[in-house]
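**Q** Next come a sequence and a model predicted from it.
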2 protein chains.
Amino acid sequence: MTELVLHNYFRSSTSIRVRAALNLKGLDYLYAAYALLQSEHRAHAYLTLNPQGLVPALQISPEKVLTQSLAIIEYLDEVYPTPRLLPEDALGRARVRALAMIIGCDIHPLNNLRVLQALRKDFAASDGQVTTWFQTWVHEGFAALENRLDHESETGAFCHGDEPGLADICLYAQVLNNQRFNVDMTPFPNISEIFARCESLPAFANAHPARQPDAV
Amino acid sequence: MTELVLHNYFRSSTSIRVRAALNLKGLDYLYAAYALLQSEHRAHAYLTLNPQGLVPALQISPEKVLTQSLAIIEYLDEVYPTPRLLPEDALGRARVRALAMIIGCDIHPLNNLRVLQALRKDFAASDGQVTTWFQTWVHEGFAALENRLDHESETGAFCHGDEPGLADICLYAQVLNNQRFNVDMTPFPNISEIFARCESLPAFANAHPARQPDAV
């Protein structure tokens, strides 16, 4: 089997997700770094791998590159089924995907680098306005996530039962991202507890930006 | 079996997706409408169904409500497997999910109602600026999608092979959404052709906003 190559960036929240998933599965991979602030992900070489010019992308063979962090993690879960990152039952999978997508669709895309750059460029947003924008979408999404974790019986030590999975991966990466924008986590005790449990596991800790070769 | 109830809004792009999926599966459902411009989706009654206060949500029993359009469609595909909306092979599924998520994660969340309202409110964005914002993210995402549809051998009459699926559902809803913001589709011939093929099928045509009971 060809070695897996992860095209990514230490601080990228979607990159953290895929690193955590690879670590949970116990899969080795080569780390290819792209300095987003130097726009290396917009260079021709990378665009031939991923025309969208976003990280992460997972190269699974010389010809085949997978994109979109949630799609990559679903693929890993199908091809390397142990340990499971999605539950066995359809209802459980629907719940875990929905919790993951609160973050993956309704928080993170609004707060990633290119969007914050656009706010500064198009609307002359100040640092304070950018921080408020970031916090607003986190608070909206996390309020819903916290509510569901608190009220739904499927919640266990992690988002769904007592083993970490796709929703926890997204939660972990988002909470790390929040730390750069001073998000007050007091209203989110369930999320905070699950984050702490993730942090204590090597698979998550080794996905942390500070532990990556391109960390600055 | 309890009747399915779709909580949605005629013009919402994510609602269009779930309607098209239900129609492709040949599933009947009750249509529950929420007037987003009157904030009916933020009212208490709806928040007890979906704490996130976003449409669509699919009620599959008196106690069970599914949220997040992509998670709902994956659930429908698992529980009602014919016709398939995701391919049989893991690589195919990874590709279809990634194409769907170019739209579902990197275009639509940046352009939905609450975000455009925030631009107007927080940055006093003019109509012209809102239109430019909308078009910018569509162009970025569609350029990547068009490139992949054009270069990848898996593309057929639809995004993946010759039958419509999850990626086509997202494409159809996004192109409809674009029409409200005058997006120039000239650079996207593959996307346009697939959209036209979707439009010609009753399952898609019957998901169109103009055909819904709450259309104005």
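**A** Perfect, I can see it now. Model, not experiment: these values are computed from the prediction. Residues are numbered from 1 along each chain as shown, chains lettered A, B, ... in the order given.

**Q** now what about the lowest-mean-pLDDT helix or strand in chain A, what contacts it?
**A** Lowest by mean pLDDT, DSSP states H and E among the helices and strands of chain A is helix A:44-49, with a mean of 87. Under the criterion Cβ atoms under 8 Å, 6 or more residues apart in numbering or on different chains, residues A:7, A:34, A:40, A:53, A:57, A:59, A:65 lie in contact with helix A:44-49. Where you see a C-beta, it was placed from the backbone N, CA and C, and this is true even at glycine.

**Q** Most neighbours among the residues you listed, which one?
**A** Of all those, the highest neighbour tally under other Cβ atoms under 10 Å in any protein chain shown goes to residue A:57, namely 26 neighbours.

**Q** Of the contacts of helix A:44-49, which one scores lowest on pLDDT?
**A** Minimum pLDDT across the contacts of helix A:44-49 is recorded for residue A:40, with 86.

**Q** contacting residues for that residue?
**A** Counting by Cβ under 8 Å, 6+ apart, residue A:40 touches A:34, A:46.

**Q** one more time with 6 Å, if that's ok
**A** Contacts for residue A:40 (Cβ atoms under 6 Å, 6 or more residues apart in numbering or on different chains) come out as residue A:34.

**Q** what helices or strands is the host helix or strand of residue A:76 leaning on?
**A** Residue A:76 is part of helix A:69-79 when elements are defined by DSSP states H and E. Other helices and strands packing on helix A:69-79, by 3 or more Cβ pairs under 6 Å, 6 or more residues apart in numbering or on different chains; DSSP states H and E, are helix A:13-25, helix B:90-104.

**Q** Which of the ones you listed sits closest to residue A:175?
**A** Among the helices and strands packed on helix A:69-79, the nearest to residue A:175 by Cβ to Cβ is helix A:13-25 (9.7 Å).

**Q** near chain B, which residues of chain A show up?
**A** A:51-52, A:66-68, A:71, A:75, A:78-79, A:90, A:94, A:97-98, A:101, A:105-106, A:109, A:123, A:144, A:147-148 (Cβ under 6 Å from any Cβ of the partner chain).

**Q** Could I get the buried residue list for the lengthiest helix in chain A?
**A** Scanning chain A for the longest helix, with DSSP state H as the assignment, gives helix A:127-151. Neighbour-count burial for helix A:127-151 flags A:130-131, A:133-135, A:137-149 (criterion: 16 or more other Cβ atoms under 10 Å in any protein chain shown).

**Q** ok, now stretch A:192-199?
**A** Going by neighbour count (16+ other Cβ under 10 Å), the buried part of stretch A:192-199 is A:194-195, A:197-198.

**Q** Stretch A:14-25 now?
**A** So stretch A:14-25, judged by 16+ other Cβ under 10 Å, has buried residues A:14-25.

**Q** swap in stretch A:173-188?
**A** Quick answer for stretch A:173-188 (16+ other Cβ under 10 Å): A:173-178, A:183, A:188.

**Q** Need the CA coordinates for that stretch. CSV is fine.
**A** The C-alpha coordinates for stretch A:173-188 follow below in CSV (Å, rounded to 0.1, in the frame of the first residue of the first chain):
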residue,chain,number,x,y,z
ALA,A,173,-10.6,21.3,16.5
GLN,A,174,-13.2,24.1,17.0
VAL,A,175,-12.4,24.6,20.6
LEU,A,176,-8.7,24.9,19.8
ASN,A,177,-9.6,27.4,17.1
ASN,A,178,-11.7,29.4,19.6
GLN,A,179,-8.7,29.9,21.9
ARG,A,180,-7.2,32.2,19.3
PHE,A,181,-10.3,34.5,19.5
ASN,A,182,-10.9,34.5,23.3
VAL,A,183,-14.3,32.7,23.1
ASP,A,184,-15.8,32.5,26.6
MET,A,185,-16.5,28.8,27.1
THR,A,186,-18.4,29.3,30.4
PRO,A,187,-21.9,28.8,28.8
PHE,A,188,-20.7,25.4,27.3
